[in-house]
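J.: Here you go, sequence then predicted model.
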2 protein chains.
Amino acid sequence: MPRPKGKSELLTTVELEFMMVLWSIGSGTVREVLQGLGGEEKRAYTSVATVLKVLHDKGYLSAKKVNRAILYRPTLSKTEYEGKTLKSLSATLFNGTPTALVARLVDDEDLSEETIKEIKDIIDTRFGR
Amino acid sequence: MPRPKGKSELLTTVELEFMMVLWSIGSGTVREVLQGLGGEEKRAYTSVATVLKVLHDKGYLSAKKVNRAILYRPTLSKTEYEGKTLKSLSATLFNGTPTALVARLVDDEDLSEETIKEIKDIIDTRFGR
DNA sequence: ATTCAAAAATTAATAAAATAGTAGCTCAAA
DNA sequence: TTTGAGCTACTATTTTATTAATTTTTGAAT
């Protein structure tokens, strides 16, 4: 398929999975990321190496040689990526209006009283009342 | 076109694009959806037919024969899909906590005063104050 | 009944995402 | 200085997504 170039360039499922590990450990080599993936999926070492290389090519990771290995480090924080994702989602599904997104969120999840209060507090704290 | 395997997660980019049309027009045949896509992409008739068939196989569309054509209709409302998407996003990126999602949203988008008020109102309306 | 156009069904081609095998480099230890 | 463990680079394969051509079916008009 023609790759969606010029678009927001979000991560694929597997890329995101790997980035989660790196966001968690700060930086890591292929082996360390492989370790961090938690025995479930049992990928081959080279599979991990390939994806990390792709992420580096895409600019999501910086690469620094440490001894023989390459140490990868995110160039984008998880927080920044979260924002990027939300903006993209807002644009595609919610007509670019965060309001609609919030409305949907509080409707669908069955939120506890605590959660509701937390959300209220966030809004109030950010923008005063 | 390889049919998707059992686990029907979220919609792909193109599938979503097509569903948007159907959510907009309520229901439609292949030709009507093709029309609704707005001259931009200029897909072939059969491309549209294939994707709609896939969406039907995935259960996102019901199909009813009308004259010679098949009339497709969403089995899931856009609203419901929005909720599904948010839940998925919340799970993968925000550790399942809507709070974190809202926090990120109000931080990243630069919201107008109006928008902020709207969001506040939504929270207050839904859960009293 | 025959023809024909419009539609569905089938099949195929192309592309991207995901996984991993193979080759070859490099450095430390024997 | 040879060896081999550990690594990257390169290549290959498989699966999924996207697009579309080809074939078959259908039903209405002639």
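T.: Arrived safely.
J.: Now do the helices in chain A.
T.: Ranges of helices in chain A, per DSSP state H, are A:13-25, A:30-36, A:45-57, A:78-93, A:98-108, A:113-127.
J.: Does the last one reach chain B?
T.: Read it as helix A:113-127. Yes - using CB under 8 Å from any CB of the partner chain, helix A:113-127 comes into contact with chain B via A:115-116, A:118-120, A:122-124, A:126-127. The way it works is simple: take the backbone N, C-alpha and C, and place the C-beta from them, glycine included.
J.: didn't residue A:31 look like it was pressed against residue A:70?
T.: No - with contacts counted by CB atoms under 8 Å, residue A:31 stays clear of residue A:70, the gap being 10.6 Å.
J.: quick one: residue A:43 and residue A:37 touch, right?
T.: Yes - the pair residue A:43 and residue A:37 qualifies as a contact (CB under 8 Å) at a distance of 6.7 Å.
J.: rewinding a little: tell me which of the helices of chain A lies nearest to residue B:102.
T.: Using CB to CB as the measure, helix A:113-127 is the one of those that comes nearest residue B:102, at 5.1 Å.
J.: Packing partners of the closest one?
T.: Counting contacts by 3 or more CB pairs under 8 Å, 6 or more residues apart in numbering or on different chains; DSSP states H and E, helix A:113-127 packs against helix B:98-108, helix B:113-127.
J.: quick one: contacts of the shortest one?
T.: When you say that, I think you mean helix B:98-108. The contact list for helix B:98-108 (CB atoms under 8 Å, 6 or more residues apart in numbering or on different chains) reads A:79, A:82-84, A:86-87, A:90, A:98, A:101-102, A:105-106, A:109, A:111, A:115, A:118-119, A:122-123, A:126-127, B:86, B:89-90, B:93-94, B:116, B:119.
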